[in-house]
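sequence? don't have it. structure:
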């Protein structure tokens, strides 16, 4: 199973502030994903990223969100102006040429 | 529209018993299904997967059954252990192109009593 780390493990921010969540894959992957999970709810797809561009995004992934791989290694999710309802666990997931996706430990985002 | 849901939100079993967790899906185009285990404060952990051209797949102590006729998926855990206590999610992926996003069900909380 591929390894992936996410930083920070917990981020507390004020409403309206920008946050950047990072995903660091340990091994090479082709497909990158961000999902989120609001407390007590199911995991929801946000965006998929392949070949350095977004391949699909959900309705949740509006103009406040962006993703990139700035150095070809780290995979980041940026929320430009956080809202209270952005509070959730954010998971990075990785995939290769199969459909199996492996999830990171997550970043807990708390917006005050 | 597509959706994945679970019949039972909670399941409590005795250590050593077999557990069965069920999942229903509505998208007949789904061709790939995964079961994940999520412990408190952690990310979903891959357990087992199955493609739509199969109806059964076995792993270590786990078996996934797929019934495409009624769009039903189940996860069987043999000789359930306290360490199996977690929330279990089924997820499905539709077919075609780069559409590999996973659609998750609501989750079933499995509690194993010693």
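Yes, it's here. Everything numeric here is computed off the predicted structure, so don't read it as measured data.

can you map out the helices along chain B?
Assigned by DSSP state H, chain B shows no helices.

Spell out which residues of it are next to chain A.
Contact residues of chain B with respect to chain A, defined by Cβ under 8 Å from any Cβ of the partner chain, are listed as B:32, B:34, B:36, B:42-46, B:49, B:89, B:91, B:93, B:98-107. Glycine gets a C-beta too; all of them are placed from N, C-alpha and C.

let's see 7 Å
B:32, B:34, B:42-44, B:46, B:49, B:89, B:93, B:98-107 (Cβ under 7 Å from any Cβ of the partner chain).

any low-confidence regions in chain B?
Flagging of chain B using pLDDT under 70 yields the residue ranges B:1-8, B:95-99.

And the strands in it?
B:4-5, B:10-14, B:19-25, B:32-38, B:45-51, B:56-58, B:62-67, B:72-77, B:86-93, B:103-104, B:108-113 (DSSP state E).

now these as TSV including distance to residue A:103 and mean neighbour count?
Supplementary listing: those in TSV, determined by distance: least, Cβ to Cβ, whole Å; neighbours: other Cβ atoms under 10 Å in any protein chain shown:
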stretch	distance to residue A:103	mean neighbour count
strand B:4-5	17	18
strand B:10-14	22	13
strand B:19-25	18	20
strand B:32-38	7	23
strand B:45-51	7	17
strand B:56-58	20	13
strand B:62-67	18	18
strand B:72-77	17	20
strand B:86-93	11	24
strand B:103-104	11	22
strand B:108-113	18	17
